[in-house]
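Novice: Need a 3D model of the following:
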Amino acid sequence: MDDSEGSTATGRVGTFASLSVRNFRLFFVGQGVSQVGNWMTLAAQTLLVLKITGSGKQVGALVACQFAPVLLLGPWAGLVADRADKRRLLITVQACAMVQSFALATLAFMDRPPVLALYGVALAGGLTTAFDNPTRRAFVVEMVDGELVGNAVSLNSAMMTGARVIGAALAGVVIDSLGYGWCFVIDGVSYVAVIAGYLRIDPSALRPSKVPERGRGQIRAGFAYIASRATPPRTARDDGVRRHPRLQFRRGAPAPGRADPPRRRARLLDGVRGDEHRFPRRGAVRGPSTGG
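Specialist: Sure thing, here's the model as predicted:
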């Protein structure tokens with residue numbers, strides 16, 4: 001299928017137009033299988049720790065191990081992704097994630113897995129995710145033409161969202177029928193699909209981005225760029241608050257545990273009185289007496 005078939009003569013792009021590109025099609029299918037397995041592991045890992053410890057605090061510590069590396073190392077991992085061969089980096093990351101899944105399976109097949117070992121494996125998984133997220137998103141842009149970039153990004157986002165729903169649901173089914181260990185084994189096997197897809201991608205058909213020059217303060221410059229665009233225009237923000245019904249209530253109500261300022265209280269009371277004129281309480285307005 002030719003890479004240009006996705007666009008029409010009018011310039012409109014079909015819903016699945018970017019799948020006409022062979023490299024992106026291999027990426028999409030492999031990632032779809034792998035991400036379903038990944039979310040199976042996240043759900044099963046959480047339920048396993050809860051079963052062993054029965055403690056919500058222990059589950060919270062597990063979640064911190066899973067996602068703290070993404071928060072702390074994300075900017076630096078994005079810088080590495082900009083300078084590295086994204087395809088090779090993704091293959092390495094997926095191979096590490098596969099080892100992590102089989103390590104979890106080994107622990108889950110024990111009678112009573114050590115919780116600290118589960119935390120350690122979760123931390124390793126967080127490290128792989130920190131590098132996988134920016135690299136995978138940047139790699140999408142390199143697989144398609146400029147006119148298909150928006151479509152490819154949208155399909156990738158839809159695939160990730162669908163994988164979260166399907167993966168969590170499958171985790172419950174597999175745990176109930178086969179057990180925790182097999183849930184992790186299935187995830188480990190699913191990485192074969194994504195690694196095979198990356199290996200079959202044609203590097204000559206990629207459109208690699210320009211590698212930025214090395215320099216000091218690049219991460220700091222990225223944060224400064226975000227901060228300069230973090231606050232939306234006041235009119236747009238206020239318009240969004242006015243239009244959202246739940247935010248309307250929150251805007252007029254005082255914060256919990258905080259005294260209502262007199263000026264705000266007067267404004268709220270005026271609104272209540274105005275509503276009484278428009279919508280009188282039952283019995284407040286009576287018709288003419290028909291005394292017998």
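
Novice: from what I can see Gln94 touches Thr135, true?
Specialist: No. The pair Gln94 / Thr135 is not scored as a contact, 10.4 Å apart, by CB atoms under 8 Å. No exception for glycine: its C-beta is placed from N, CA and C like everyone else's.

Novice: What are the boundaries of the helices in the chain?
Specialist: Here the chain has its helices, by DSSP state H, at 22-53, 56-83, 86-108, 115-143, 149-177, 180-200, 218-228, 234-243, 245-252, 262-278.

Novice: Now do the fifth one, average pLDDT.
Specialist: With pLDDT averaged residue by residue, helix 149-177 scores 91.

Novice: how far does it sit from the chain's center?
Specialist: 10 Å (CA atoms, centre = their mean, to the nearest Å).

Novice: between that helix and helix 86-108, how big is the angle?
Specialist: 10 degrees (axes from the mean of the first three to the mean of the last three CA atoms, to 10 degrees).

Novice: For helix 149-177, name the packing helices and strands.
Specialist: helix 22-53, helix 115-143, helix 180-200 (3 or more CB pairs under 8 Å, 6 or more residues apart in numbering; DSSP states H and E).

Novice: rewinding a little: which one of the helices of the chain has the poorest average confidence?
Specialist: Looking at the helices of the chain, the weakest mean confidence is helix 245-252, a mean of 41.

Novice: Of the helices of the chain, which is nearest Ser209?
Specialist: Closest to Ser209 of the helices of the chain, according to CB to CB: helix 115-143, at 6.3 Å.

Novice: Gly74 - nearest residue in space that isn't next to it in sequence?
Specialist: Of all residues not flanking Gly74 in the chain, Ala130 sits nearest, at 5.7 Å (CB to CB, 6 or more residues apart in numbering).

Novice: and the one you found, how many neighbours does it have?
Specialist: Counted with other CB atoms under 10 Å, residues neighbouring Ala130 total 24.

Novice: ditto for Lys57
Specialist: 8.

Novice: Please tell me how far it sits from Ile201.
Specialist: 43 Å (CB to CB, to the nearest Å).

Novice: My guess is Ala97 contacts Leu127. True?
Specialist: No. Using CB under 8 Å, Ala97 makes no contact with Leu127, being 9.8 Å away.
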